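Trainee: quick one, fold the following:
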Amino acid sequence: MKFYQLEPEARRKLLQDEGIALGQIDDTVLRRLDELSENVVGQLRLPLGVVQNLIVNGQKYWVPMAVEEPSVVAAANHGASIFARNGGVTASSDRQGIYGQIVLKVNASFSLIGLEKEFPKLVELVNQKFTSLVRHGGGVKKITAVQKENLLYLKVLVDPAEAMGANKTNSILEFLATKLEAHAGIDEKLFAILSNYPSQLTTVKVKIDPETIGGLQVARRVALLGKIGLDDPYRAVTNNKGIMNGADAVLIATGNDYRAIEAATAVLANHDGQYRSLSKWTMQGSYLVGELTLPMAIGVVGGSIKARHDVQQSFAILGQKITSKTLAEIIVSVALANNLAALLAISTVGIQAGHMKLQARNVVAELTDNEHERKQLLAAMISEKNYSESHAKELLAKIRKEK
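Mentor: As a prediction, this is how the structure comes out:
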């Protein structure tokens, strides 16, 4: 029997027989996880934190973030609190659909004009086949094609309704490709699969009174850093990493495909041939204005979202009636909040001071399980502003000796 065919308990035993130490896991949890993935032998947990008081289009939200780095959650809360003092962010989304791609080999007898005449009929045929998607407000919206020598590239726009839509889109494309292979002049299908090209774009904007962030000089420095991010790829990639700190944490918490968003984001950052910052910060009159657009091909149903109790907990935090559009706007707002907090840190005390203060918790957690010792040690490290592990060990020895 192959490894993937074994029961999860049997897989764990094989690893343990080889001397690999595995953490304890409840049998029920192990079985549930085995239904979600392949070759399951255990679980990896992430802390679930929250952003308080994020205001998007006048509505307040608690937002879940799954991430092991405390500074990411702290930065999101800091940025969100500044947004709240300035009336929150405004957000809008262009959610026409995601793109699928079919590439076919054609011969000299193929007529693109002839095939294009059949596109309306093909759209109707697909939507009759996938009626459940249409009932939920989705379906195929448009088919376009370009021929390059003996290759035909078809682009299919699919509205996935409230799902991310990857699996449904791939099923639609395979169905379409089968129908197309019978068309005159088409020799064979090369592939039919969704594209993670940027689509479902969401834009958020915020207008900030400089007095809420330390004054006009600080605001101008943030705007200058924004300009540098647009001009210099070394700064841009780090700026964008900070943006995705916030976005990825919410995507993971809500069971969405953060890998697809990361891939699409990289394309968007390089859309004009130079890699640039995804966010823009400018002074407009006496106000600092921030804007961020991200591709958000996400869902609130489908995939493993309904099957995962941890993800459902996240949706309970957000609010049970959350839509894919609203969730996209929340995610991009959190991303912009993280970005602002990072730029403010760079503009003032520096990024490392706050980061290391939060990371000190991890150092303390590794050194002692005693809650009283942890509190004393963390307080001493913060007081002395020395967060190295070696210094923490010295402080802990001193605490224990005094005790």
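Trainee: in the stretch 51-200 of the chain, which spans are strands?
Mentor: Shown for the stretch 51-200 of the chain, the strands assigned by DSSP state E, counting those that start in this stretch span residues 59-66, 90-94, 98-106, 139-148, 151-159, 186-194.
Trainee: now those strands in JSON lines, with mean pLDDT, distance to G226 and mean neighbour count?
Mentor: From N, CA and C alone the C-beta is placed, and that goes for glycine too. Rendered in JSON lines, the data for the strands of the stretch 51-200 of the chain read as follows (pLDDT from 0 to 100; distance: least, Cβ to Cβ, whole Å; neighbours: other Cβ atoms under 10 Å):
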{"stretch": "strand 59-66", "mean pLDDT": "97", "distance to G226": "24", "mean neighbour count": "20"}
{"stretch": "strand 90-94", "mean pLDDT": "96", "distance to G226": "18", "mean neighbour count": "17"}
{"stretch": "strand 98-106", "mean pLDDT": "95", "distance to G226": "30", "mean neighbour count": "20"}
{"stretch": "strand 139-148", "mean pLDDT": "94", "distance to G226": "35", "mean neighbour count": "16"}
{"stretch": "strand 151-159", "mean pLDDT": "95", "distance to G226": "33", "mean neighbour count": "20"}
{"stretch": "strand 186-194", "mean pLDDT": "94", "distance to G226": "33", "mean neighbour count": "16"}
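Trainee: among these, which is nearest A341?
Mentor: Across the strands of the stretch 51-200 of the chain, the minimum distance to A341, taken as Cβ to Cβ, is reached by strand 59-66, at 13.1 Å.
Trainee: quick check: can you name the pairing partners of the closest one and their directions?
Mentor: For strand 59-66, sheet partners with direction are given as strand 48-56 (antiparallel), following DSSP bridges.
Trainee: which residues touch the partner strand?
Mentor: With contacts defined as Cβ atoms under 8 Å, 6 or more residues apart in numbering, strand 48-56 is touched by 60-67, 70, 73, 76-77, 80-81, 83-84, 87-91, 204, 249, 253, 310, 313-314, 317, 326, 329-330, 333-334, 337.
Trainee: got the angle between it and strand 90-94?
Mentor: Put simply, strand 48-56 runs at 100 degrees to strand 90-94, going by axes from the mean of the first three to the mean of the last three Cα atoms, to 10 degrees.
Trainee: so which residues of the stretch 101-250 of the chain form helices?
Mentor: In chain order, the stretch 101-250 of the chain shows helices spanning 112-116, 119-129, 131-135, 166-180, 216-231, 233-253, with DSSP state H, counting those that start in this stretch as the criterion.
Trainee: ranking these by burial, who's on top?
Mentor: Among the helices of the stretch 101-250 of the chain, judged by mean count of other Cβ atoms under 10 Å, the one packed with the most neighbours on average is helix 233-253 (a mean of 22).
Trainee: next secondary structure after that helix?
Mentor: In the C-terminal direction, the helix or strand that comes right after helix 233-253 (DSSP states H and E) is helix 258-269.
Trainee: point out the other helices and strands that the helix or strand that that following helix is followed by packs with.
Mentor: Scanning forward in sequence from helix 258-269 by DSSP H and E, the next helix or strand is strand 279-284. In this structure, strand 279-284 packs against helix 216-231, strand 287-295, helix 324-347, with contacts taken as 3 or more Cβ pairs under 8 Å, 6 or more residues apart in numbering; DSSP states H and E.
Trainee: now with 10 Å?
Mentor: The elements that strand 279-284 packs onto, with contact taken as 3 or more Cβ pairs under 10 Å, 6 or more residues apart in numbering; DSSP states H and E, are strand 201-208, helix 216-231, helix 233-253, strand 287-295, helix 324-347.
Trainee: for V103, find the nearest of those.
Mentor: With Cβ to Cβ as the yardstick, what comes closest out of the helices and strands packed on strand 279-284 is strand 287-295 (22.0 Å).
Trainee: measure the closest residue in space to V29 that isn't next to it in sequence to Q313 for me?
Mentor: Take V29 and drop its neighbours on the chain: the residue closest to it by Cβ to Cβ, 6 or more residues apart in numbering is Q43, 6.7 Å away. Per Cβ to Cβ, to the nearest Å, Q43 is found 15 Å from Q313.
Trainee: need the helices and strands packed on strand 279-284 in TSV with mean pLDDT, can you?
Mentor: Conversion of the helices and strands packed on strand 279-284 to TSV gives the following (pLDDT from 0 to 100):
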stretch	mean pLDDT
strand 201-208	98
helix 216-231	95
helix 233-253	97
strand 287-295	98
helix 324-347	96
